[in-house]
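Novice: sequence first, then the predicted structure:
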Amino acid sequence: MTGIEPIPKKDRNMAGLDFFLLWAGAAVSLAEIWAGGLIVPLGLGLGLLAIFLGHLIGNTPFALGGIIGSRWGIPTMVSVRPSFGIRGSYFAAGLNVIQLIGWTAVMLIICGNAADAISKFYGFSNVNLWILLSGAITALWALVGHRFWKWIERVSVAALLILCLTMTFLIFRKYGWEILSQVPRDKNFPFMIGMDLVIAMPISWLPLVSDYSRFATNSRSCFWGTWVGYFVISSWMYLLGLAASLAIPSPDPSGVVMNLMVEFGWAIPALLIVFFSTFTTTFLDIYSTAISGLNIAPKLGERKGVILGGALGTVTALLFPVLLDYEHFLLFIGAMFCPLFGIVLVDYFVLRRRVLRVEDLYRKEGAYFFWKGINPVAIFSWTIGFILYLGFSPMLMEKVIGIQASFPWPLGSSLPSMIGAGLLYWMFNKKGGLSLLVR
């Protein structure tokens with residue numbers, strides 16, 4: 001167990017292929033198939049465009065964030081400290097713990113329902129048992145540590161990709177591109193919302209990425225392994241969800257895909273996909289819940305943090321077994337983390353030009369302590385970025401504020417929020433501004 005201290009170079013053992021498989025495993029997820037079904041109102045053509053552009057936009061800051069961890073050996077929430085301050089990073093860590101417990105619950109609920117639907121063909125049904133079983137195994141997966149992840153991921157992800165090829169073959173064999181492309185789009189559903197629903201998925205991994213990239217042997221291979229692994233497989237999963245929902249309109253496109261596999265006599269492979277896709281994705285959520293928690297309370301301990309994160313996610317799934325407002329959950333993640341990491345990336349790559357004083361990241365004094373450990377400039381810039389995201393997201397604005405609004409913005413909410421917050425932070429620091437008052 002490593003905690004949040006910098007990882008010495010001699011203890012870093014993950015290469016480009018390992019990161020490709022790690023993030024490919026994260027992307028092989030029923031939640032991603034489900035998310036692909038959310039953009040079905042765009043139809044096949046515009047849906048594919050939203051998938052491609054959304055991943056292109058979201059993947060780039062996601063992989064760039066990993067460079068900080070791979071270069072300095074620090075987890076993501078520690079990399080937030082130079083811009084937000086040591087205590088300011090507690091704000092980011094708190095948001096991350098909340099979203100990760102939510103993600104763990106979402107993944108376990110989807111897994112439990114999918115496994116139960118398949119097991120019913122054999123006369124057995126118990127959703128809570130499947131949730132408990134998948135939650136326990138996933139927590140154990142997170143506990144084994146980075147020295148074993150690379151080997152577990154190589155075997156499990158390779159097997160999953162083979163099974164997913166079969167899944168893809170079955171759905172397109174039955175329906176085909178021609179039938180799917182004839183389904184009309186809903187012109188009342190803006191393209192910008194569809195793209196934001198795609199961007200939100202890689203952005204949701206950005207607060208975690210350096211928790212794993214800190215084990216990299218090389219920053220360049222880490223960046224490309226992360227970028228390519230997630231881009232290819234997540235786009236593939238979104239496509240499956242989109243195709244399944246176009247073929248059979250359903251609130252659960254992942255269930256459509258699983259039922260199709262069972263129909264073709266592939267019940268056991270379908271069950272393996274359900275479980276192993278949950279393990280390879282959700283262990284990242286549980287482990288990073290612990291790491292983000294340690295950023296606030298280091299005395300908690302990594303092992304206890306993993307157990308607590310797994311338990312909280314499992315209990316949440318058992319108490320709230322029905323998925324509600326999944327699309328709003330994705331958009332709200334984008335609203336929280338797009339502006340936050342717009343600031344972090346500008347601070348590191350533009351203002352500091354890749355230079356950090358790592359020893360100061362762990363001291364309650366010096367360059368990264370700002371005003372009582374908090375940088376008001378970063379908090380203010382994040383607030384404006386958050387408001388920008390709400391302002392350019394009619395669906396989220398209506399849900400959160402109750403105001404119906406529509407803005408003709410072709411690139412959605414993610415880019416103006418991330419760029420706006422980062423630009424505002426840069427302007428204050430470049431010109432002196434408020435930053436002089438807090439140092």
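Specialist: Done, it's in.
Novice: where does the stretch 301-439 of the chain have low pLDDT?
Specialist: Applying pLDDT under 70 to the stretch 301-439 of the chain flags the ranges 321-326, 366-367, 394-411, 431-439.
Novice: quick check, L356 in a helix?
Specialist: No. Per DSSP: H, G, I helix; E, B strand; the rest coil, L356 lies outside any helix segment and is coil.
Novice: could you list which residues are in contact with it?
Specialist: Applying CB atoms under 8 Å, 6 or more residues apart in numbering to L356 gives the contacts 68, 72, 82, 348. For the C-beta atoms, the positions are set from N, CA and C on the backbone; glycine is no exception.
Novice: can you report how many residues neighbour the third one?
Specialist: Right, P82. Neighbour count of P82, defined by other CB atoms under 10 Å: 26.
Novice: quick revisit: of the contacts of L356, buried ones?
Specialist: By neighbour count, with 16 or more other CB atoms under 10 Å, the contacts of L356 hold 68, 72, 82, 348 as buried.
Novice: just curious, which of the residues you listed is nearest to P269?
Specialist: Comparing the buried ones among the contacts of L356 against P269 with CB to CB places I68 closest, at 38.9 Å.
Novice: helix or strand for the closest one, just tell me which one.
Specialist: helix 43-72 (DSSP states H and E).
Novice: just how off-centre is the following helix or strand past that helix within its chain?
Specialist: Using DSSP H and E, the helix or strand that follows helix 43-72 in sequence is helix 76-79. Put simply, helix 76-79 sits 16 Å off its chain's centre (CA atoms, centre = their mean, to the nearest Å).
Novice: got the contact list for the helix or strand following helix 76-79?
Specialist: Scanning forward in sequence from helix 76-79 by DSSP H and E, the next helix or strand is helix 81-84. Here helix 81-84 makes contact (CB under 8 Å, 6+ apart) with 88-89, 91-92, 343-344, 347-348, 352, 356, 361, 367-368, 374-375, 378-379, 425.
Novice: do the same with stretch 212-230
Specialist: 6-7, 11-24, 26-27, 55, 59-60, 62-64, 66-75, 146, 202, 205, 209, 284.
Novice: buried set for that stretch?
Specialist: Neighbour-count burial for stretch 212-230 [16+ other CB under 10 Å]: 212-216, 218-219, 221-223, 225-230.
Novice: quick one: the strands in the stretch 101-250 of the chain?
Specialist: Read by DSSP state E, counting those that start in this stretch, the stretch 101-250 of the chain holds no strands at all.
Novice: measure G25 to A317 for me?
Specialist: 20 Å (CB to CB, to the nearest Å).
Novice: follow-up on the earlier one: just the buried residues of the helix holding I68, please?
Specialist: 43-44, 46-48, 50-55, 57-59, 61-72.
Novice: average pLDDT across it?
Specialist: Across helix 43-72, pLDDT averages out at 94.
Novice: what helices and strands are in contact with it?
Specialist: Here helix 43-72 touches helix 76-79, helix 176-181, helix 191-205, helix 209-213, helix 219-247, helix 326-345, helix 414-430, going by 3 or more CB pairs under 8 Å, 6 or more residues apart in numbering; DSSP states H and E.
Novice: now these in a markdown table, with distance to A267?
Specialist: What follows is the helices and strands packed on helix 43-72, written out as a markdown table (distance: least, CB to CB, whole Å):
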| stretch | distance to A267 |
| --- | --- |
| helix 76-79 | 39 |
| helix 176-181 | 24 |
| helix 191-205 | 28 |
| helix 209-213 | 33 |
| helix 219-247 | 17 |
| helix 326-345 | 26 |
| helix 414-430 | 39 |
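Novice: wait, which of those helices is closest to V256?
Specialist: Between the helices and strands packed on helix 43-72, helix 219-247 lies closest to V256; by CB to CB that is 4.1 Å.
Novice: tell me how far that closest one is from the chain's mean position?
Specialist: Computed by CA atoms, centre = their mean, the chain-centroid distance of helix 219-247 equals 12 Å.
Novice: now do stretch 24-37
Specialist: Worked out by CA atoms, centre = their mean, stretch 24-37 lies 10 Å from the chain centre.
Novice: now swap in stretch 206-215 and tell me
Specialist: On CA atoms, centre = their mean, the centre of stretch 206-215 falls 11 Å from the chain's centre.
Novice: what do you get for stretch 167-179?
Specialist: With CA atoms, centre = their mean as the basis, stretch 167-179 stands 28 Å off its chain's centre.
Novice: what lies in contact with it?
Specialist: 44, 236, 240, 243-244, 246-247, 257, 260-261, 264, 266, 270, 273.
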